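Participant: Make a model of this:
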Amino acid sequence: MSERHAWLRARKARVVPVRTTRGATRTIVESELHLRDEAGGAIVLPIAVVGERAGGRVAALRVYHSFWPLEGKHRVRPPLLRADPAAHVTGAAADYQRALAAGDVEAIVATFEPDGTFREPSGAPYIHRGRDKLRPFMKQILGAGGIGLEHATVTDDGTVTAIEFNAVRFGRKALTPQAGLAIYERGSSGRLAAARIYDDINVEVLAPPKTR
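Facilitator: Down below sits the predicted model:
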């Protein structure tokens, strides 16, 4: 803890809250960690912390983020949890998951409100707003087929569905299982107003190259 505190202090770290989602025994805190790199440049790192409660105490903490903003490269992150067959999702988040697994671009875009946003794990400027921006982005990442996720936990507070997952498939390619967290925030229509992803899966390498 002392080493981590010194690392954060050296980089003039400050935390900007984004959203907190609470379930019966689990709390997910989303934030942006504002840092300075060794050259003094600004880094904004999206980060999410999942806390499990038991008996009035913290039983476990799990931290999700991408290494890309910090290191300019991805790391394979092993699963933190096992898949749970009882981790069920409903509504627009469930529709999104089915479309994601099938690689169905139009179906996944249809789960968003007209001005809905998708924020990649690296944060700004990797934010896609509105269906006209979402469609080409989804075509790119799903060009090789669907992405298969195993759900480990589901937390829903009535507005947000948070899914801790293990990514296990990209198109027909089996992946080394990798841990991640997905946040799906519903708008007034029930469709997704925002999706925010916390993982380090290198979809740029796995997806086919862009065509002109």
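Participant: How about the contacts made by residue 29?
Facilitator: 17, 20, 48-49, 51 (Cβ atoms under 8 Å, 6 or more residues apart in numbering). No exception for glycine: its C-beta is placed from N, CA and C like everyone else's.
Participant: Quick one: end-to-end length of stretch 59-77, please.
Facilitator: 21 Å (Cα to Cα, to the nearest Å).
Participant: for it, which positions count as buried?
Facilitator: 62, 64-66, 68-70, 74, 77 (16 or more other Cβ atoms under 10 Å).
Participant: and if you look at stretch 29-45?
Facilitator: 29-33, 35, 45.
Participant: domains of the chain?
Facilitator: 2-71, 91-206 (automatic domain parsing).
Participant: The contacts of residue 29 in strands, which ones?
Facilitator: Secondary structure from DSSP state E places 17, 20, 48-49, 51 of the contacts of residue 29 in strands.
Participant: Give the residue spans of this structure that score low on pLDDT.
Facilitator: 203-212 (pLDDT under 70).
Participant: now the contacts of residue 29: which count as buried?
Facilitator: The buried subset of the contacts of residue 29 - by 16+ other Cβ under 10 Å - is 48-49.
Participant: Just give me the closest of the contacts of residue 29 to residue 120.
Facilitator: residue 48 (13.7 Å; Cβ to Cβ).
Participant: The closest one and residue 182 touch, don't they?
Facilitator: No - Residue 48 is not in contact with residue 182 according to Cβ atoms under 8 Å; the separation is 9.8 Å.
Participant: Please identify which helix or strand holds residue 6.
Facilitator: If you go by DSSP states H and E, residue 6 is part of helix 2-10.
Participant: Out of the domains of the chain, which one sits most buried?
Facilitator: Using mean count of other Cβ atoms under 10 Å, the stretch among the domains of the chain with the largest mean neighbour count is domain 91-206, at a mean of 18.
Participant: Could you tell me how far that one lies from the centre of the chain?
Facilitator: Chain-centre distance of domain 91-206: 8 Å, with Cα atoms, centre = their mean, to the nearest Å.
Participant: Centre of the chain to the helix holding residue 6, how far?
Facilitator: That offset, for helix 2-10, works out to 25 Å (Cα atoms, centre = their mean).
Participant: Tell me who's in contact with the residue lying closest to residue 14 once chain neighbours are set aside.
Facilitator: Distances taken as Cβ to Cβ, 6 or more residues apart in numbering put residue 34 closest to residue 14, at 5.0 Å, once the chain neighbours are dropped. Each residue near residue 34 by Cβ under 8 Å, 6+ apart is listed here: 13-16, 42-45.
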